[in-house]
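> need coordinates for the following:
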Amino acid sequence: MGGVRDDEDRRTGGRTFSTETDVGTSDGLRAGVEAQPALLLAWAPEGVRPADRARVSGELRVGRSRGAGWSIPDRRLSAEHFEVSARGGEVVVRDLGSTNGTFVNGVRLGGSRVLADQDVVRAGRCVFAFQADAGEVAGAAGV
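Residues are numbered from 1 along each chain as shown. Down below sits the predicted model:
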């Protein structure tokens, strides 16, 4: 498929999902196709080389653990730091009890919150941008 994939599928809450991301490909991120929400990694500390985007369908856990759906080797991330889930046409983010907190647009999460297009999520030393339709990003980038 052309994306990056961990060695195994991850199981969360009885659901199986793949940790495949869309690095350097347009698979699943095409303009004109049904809107597909995604998190884009806007900034990471030097030496951290994770995938640069992940589609959000179902639940996606982000953290430094290899067991997280999107594993990022940032020592300031908790093993499973935050979760993004698609529910009924909305995408919700929630902190998973992380040590350093999860912030949306500069405000620390105290529970869960619905994400809006272009919201900025910060966790550890990483900064993510939420894109309601990742096809727009792929089209603009020529990916």
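> any regions of this structure where pLDDT drops low?
1-34, 48-51, 136-143 (pLDDT under 70).
> may I see the buried residues of stretch 101-118?
G101, T102, F103, V104, L109, R113, L115 (16 or more other CB atoms under 10 Å). Every C-beta, even on glycine, is put in place using the N, C-alpha and C of the backbone.
> endpoint to endpoint, that stretch covers what distance?
Start-to-end span of stretch 101-118 (CA to CA, to the nearest Å) is 20 Å.
> hang on, A86 is in a strand, isn't it?
Yes - under DSSP: H, G, I helix; E, B strand; the rest coil, A86 sits within a strand.
> and it, how many neighbours does it have?
17 (other CB atoms under 10 Å).
> from N105, how far off is the closest residue in space to R53 that isn't next to it in sequence?
Spatial nearest neighbour of R53, chain neighbours left out: L40 (4.8 Å); criterion: CB to CB, 6 or more residues apart in numbering. Between L40 and N105 the computed distance is 15 Å (CB to CB, to the nearest Å).
> cool, and G69?
The value you get for G69 to N105, if CB to CB is used, is 23 Å.
> likewise for G135?
23 Å.
> got it, and V121?
Taken as CB to CB, the span from V121 to N105 is 8 Å.
> what of V114?
12 Å.
> ok, now P37?
P37 is 17 Å from N105, by CB to CB.
> helices of the protein, start to end?
For the chain, the helices defined by DSSP state H occupy 134-141.
> please report how far C126 lies from R87.
Relative to R87, and taking CB to CB, C126 is found at 24 Å.
> higher neighbour count, those two?
For C126 versus R87, the count of surrounding residues by other CB under 10 Å is larger for C126: 20 against 11.
> residue contacts, the more buried one?
C126 sits next to L41, W43, A44, P45, V48, I72, D74, L77 when contact means CB atoms under 8 Å, 6 or more residues apart in numbering.
> now, of these, which are buried?
L41, A44, V48, I72, D74, L77.
> distance to E59 added to those, as TSV?
Output for these, formatted as TSV (distance: CB to CB, whole Å):
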residue	distance to E59
L41	18
A44	22
V48	23
I72	17
D74	20
L77	17
